[in-house]
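Colleague: What shape does this take:
(one chain, ligands or ions: 2)
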Amino acid sequence: MSFQIDFGNEKSPIVGIDLGTTNSLVAVMELTGPRILSGIVPSVVSVKESGEVIAGAAAREMLLTHPDRTVYSVKRLMGRGVEDIQEELKLFPFHIAEGSESTIKLKLGEKTFTPPEVSAHILRKLKLDAEAELGVRISQAVITVPAYFNDAQRQATKDAGRIAGLEVLRLVNEPTAAALAYGLDKRKEGIVAVYDFGGGTFDISILRLHDGIFEVLATNGDTHLGGDDIDNLMLRIALEDIQFEWGYDVSTKSDAVQLLRRAVIDAKERLSFVPSASIDLAYGGKTYQREITRELFDKLATPVIDRTLGPCRDCIKDASVSVEQIDEVVMVGGSTRIPLVRSAVEVLFRKRPHTELNPDEVVALGAAVQAGILSGDVEDKLLLDVTPLSLGIETMGGLVSKLIHRNSTIPASATEPYTTAVDGQRNVLIHVVQGERELVKDCRSLARFDLKDIAPMPAGFARIEVRFLIDANGILSVTARDQRSGKEQSVEIKPSYGLTDDQVEAMILESFDKAEEDFSERQVREARVEADSILAAVEKARQNDAYFELTDEERSAIERGVNELLVVYHGDDHLLIRSKIDQLNDATHTLAENMMNTAVRGALKGTNVNG
Ligand code: ADP
Ligand code: MG
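Modeller: Residues are numbered from 1 along each chain as shown. Ligands and ions are numbered 1, 2, ... in the order given. Purely as a prediction, here's the structure:
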């Protein structure tokens, strides 16, 4: 990868943007590395009485004077409907003008705005700041989003970019950006944990690096946990002090509370660097001063910091990695400047976390690195940044199991476990297909290969892991691996080869047309696959001693079950097939139990258990 960017007139740079809940930043890749442009832009938008819309620090000032015309934390609303934001509504004074299942509109003064429109004002401010500093027009950007953002939230972020006049070349996950900022993509492989503790949110992500590509293994966190919680604890103490000293309660005076909040935050932030700091307030002709030592601060902050540890442990568990396997820990978010946060993270991960870069700049820096990769590599520019069609493999019954869905941003990867259909099976055919339809016959066949000499196991016991990986150049590599024998086979394909845009379009349209038909066909085939497996199991059980120990009645119920299932098997009523499967299952209940007992008895005999 190279990072040459031509700053000449004909080519303007792609910027990297961290569109944050509290603050946003823009950065650009230069020959010496990524650089933050201008300064932090508070993610606040306000509509002046004149109708003019402002964003950033000036809008944050309006929060004091015109809270009803000012919106913050809009990121929490992106791509969400009224139902989704009930929690947020309790905590934030959003003024909802109208809302539906999938979108809402905010009322600011006389105007209404969708969340992407609000975000667009923040993006436009960042764009203007960057243009002023660089002296060139900016039209393309990479924007970061939380790893857990769903399709709608990602789409809303892209819309915001478009409204702001920016072509969003790629959305990058925030933890991935942080890892890129630290150059961790230069490692060949590894596991990276990204601990992001900001103002109002906590996110922990575990990434796997493979051939320079980051895959999100797991994410966890708390959408309402951050530096704000520490501020609130300190604020409460200060308010109690003041009531005691001044003899009256200032907590009802919103301007006093705002000033005190600023003083508290100021003291908190200084305490990350000095052993003691004071909270100072001058209000209504009186002054208040309270010295806070690091020791007292740590006591206050401990319960808040401890609340980040449970999600970290859960995330490690969900990622199926051990603490020892985690190679690097990256710190993101302003609150990770707190020394106690650093030591708690170090104790939990048993590793010194990366803190060399500014924790509130690292995501924007990483976005700029990604932008540099996109603009540095000429070939990359021609690339689609998403997969136009889904990719998957053939499974039993001629059905497609999709591993990477249409519109996934690349690079992308996915891993799925599969198993064998027949006892003692030694070879597995891996058939890679592309398309949106449910049946293999309606998709485009990309490649076939055999995974040979797998360890023979009863049907359903083998564990074959199939891994799809699309690199930044759009090359798909498919690897099948037998977990037991370690045997592995892989193939490389260029899925876009020989496909025109029109064909892609046609394939997508067709899948819409045939969606209903495909769905019922899939249900029928799935029922048949299940029927096959119970028929095979019954066939096998008939050789078992336990079968002959059944009463005549029990045996004929099984016979009848098999026959009736065979009669409906080729029909297209999946409910009927399933009802016959259930019936056969019931009929074989005693048989299955007897076989199980025999097996247990055999096992006990074998181990020579006494008494
Ligand atoms: P977000 O990701 O939520 O937009 P940031 O990553 O910008 O937020 O972090 C903002 C939080 O970091 C605020 O609570 C702020 O007070 C806190 N913060 C910033 N600098 C320091 C510091 N030196 N010590 C402690 N907390 C800090
Ligand atoms: Mg952040």
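
Colleague: in terms of contact, does residue 172 touch residue 144 like I think?
Modeller: Yes - because the distance of 5.2 Å satisfies CB atoms under 8 Å, residue 172 is recorded as touching residue 144. All C-beta atoms are positioned from the backbone trio N, CA, C, and that covers glycine.

Colleague: Mind jotting down where the helices sit in the stretch 251-400 of the chain?
Modeller: Counting by DSSP state H, counting those that start in this stretch, residue ranges of the helices within the stretch 251-400 of the chain are 254-271, 294-306, 309-318, 339-349, 362-376, 378-381.

Colleague: For the fourth one, report the contacting residues that lie outside it.
Modeller: Okay, so that is helix 339-349. Helix 339-349 is touched from outside by 193, 195, 197, 272, 294, 298, 301-302, 305-306, 308-309, 312-313, 323, 326, 329, 331, 335-336, 352-353, 355, with contacts defined as CB atoms under 8 Å, 6 or more residues apart in numbering.

Colleague: out of these, which are buried?
Modeller: Taking 16 or more other CB atoms under 10 Å as the criterion, what is buried in the contacts of helix 339-349 is 193, 195, 197, 272, 294, 301, 305, 308, 312, 326, 329, 331, 335-336, 353, 355.

Colleague: for this structure, which spans come out with low pLDDT?
Modeller: In the prediction, the chain carries residues with pLDDT under 70 at positions 1-11, 377-386, 473, 498, 599-611.

Colleague: For the residue in the stretch 151-300 of the chain that ligand 2 sits nearest to, list the residues it contacts.
Modeller: With distances taken as CB to the ion, the stretch 151-300 of the chain approaches ligand 2 most closely at residue 198, which sits 4.1 Å away. Under the criterion of CB under 8 Å, 6+ apart, the contact partners of residue 198 comprise 20, 21, 22, 226, 227, 332, 333, 334, 335, 360.

Colleague: same check, this time on residue 423
Modeller: Residue 423 makes contact with 457, 458, 459, 540, according to CB under 8 Å, 6+ apart.

Colleague: how about it, secondary structure?
Modeller: Reducing the assignment at residue 423 to three states with DSSP: H, G, I helix; E, B strand; the rest coil gives coil.

Colleague: Out of the helices of the stretch 251-400 of the chain, flag the one nearest residue 534.
Modeller: Judged by CB to CB, the one of the helices of the stretch 251-400 of the chain that comes nearest to residue 534 is helix 309-318, at 33.1 Å.

Colleague: Other residues contacting the closest one?
Modeller: With contacts defined as CB under 8 Å, 6+ apart, helix 309-318 is touched by 193, 195, 202, 204-206, 217-222, 322-323, 326, 344, 348-349.

Colleague: Spatially nearest residue to the residue in the stretch 1-150 of the chain positioned nearest to ligand 2, not counting backbone neighbours?
Modeller: Nearest residue of the stretch 1-150 of the chain to ligand 2, counting by CB to the ion: residue 20, 4.3 Å away. Nearest residue to residue 20, sequence neighbours excluded (CB to CB, 6 or more residues apart in numbering): residue 43, at 5.7 Å.

Colleague: what does residue 586 give?
Modeller: residue 561 (7.8 Å).

Colleague: Over to residue 164?
Modeller: For residue 164, the nearest residue in space outside its immediate sequence neighbours is residue 123; the separation is 3.8 Å by CB to CB, 6+ apart.

Colleague: So which elements touch the helix or strand encompassing the one you found?
Modeller: Mapping residue 123 onto the secondary structure by DSSP states H and E places it in helix 115-134. Helix 115-134 is packed against strand 15-19, strand 23-30, strand 33-42, strand 44-47, strand 53-55, strand 104-108, strand 140-145, helix 151-163, with contacts defined by 3 or more CB pairs under 8 Å, 6 or more residues apart in numbering; DSSP states H and E.

Colleague: if I look at the residue lying closest to residue 157 once chain neighbours are set aside, how far off is residue 185?
Modeller: Of all residues not flanking residue 157 in the chain, residue 145 sits nearest, at 5.4 Å (CB to CB, 6+ apart). Between residue 145 and residue 185 the distance is 18 Å, computed by CB to CB, to the nearest Å.

Colleague: quick one on the thing from earlier: next up, the contacts around the residue nearest to residue 157.
Modeller: With contacts defined as CB under 8 Å, 6+ apart, the neighbours of residue 145 are 19, 153, 154, 157, 171, 172, 173, 174.

Colleague: thought the last one was touching residue 148?
Modeller: Okay, so that is residue 174. No - counting by CB under 8 Å, residue 148 is not a contact partner of residue 174; they are 9.8 Å apart.

Colleague: Show me which of these two is the more surrounded one.
Modeller: Between residue 174 and residue 148, counting by other CB atoms under 10 Å, residue 174 is the more crowded of the two (28 against 15).

Colleague: Quick check on the more buried one: phi, psi?
Modeller: phi -60, psi -50 (degrees, to the nearest 10).

Colleague: So which of the contacts of residue 423 sit within helices?
Modeller: Those of the contacts of residue 423 mapping onto helices are residue 540, per DSSP state H.

Colleague: Could you tell me how far the residue of the stretch 1-150 of the chain closest to ligand 2 is located from residue 495?
Modeller: With distances defined as CB to CB, the gap from residue 20 to residue 495 amounts to 35 Å.

Colleague: One more: residue 99?
Modeller: Computed as CB to CB, the residue 99 to residue 495 distance reads 40 Å.

Colleague: Comparing these two, which shows the higher neighbour count?
Modeller: When residue 99 and residue 495 are compared on other CB under 10 Å, the one with more neighbours turns out to be residue 495, at 21 against 17.

Colleague: so what's the nearest residue to the more buried one once chain neighbours are set aside bridging to?
Modeller: Once flanking residues are discounted, residue 495 sits nearest to residue 476: 5.1 Å by CB to CB, 6+ apart. In this structure, residue 476 has beta-bridge partners residue 470, residue 493, where bridges are defined by DSSP bridges.

Colleague: what number of residues lie near residue 476?
Modeller: Residue crowding around residue 476 was assessed by other CB under 10 Å; the count is 25.

Colleague: picking up where we left off before, just checking: which of the contacts of helix 339-349 also lie near ligand 1?
Modeller: Residues shared between those and the neighbourhood of ligand 1 are 272, 335 [CB under 6 Å from any ligand atom].
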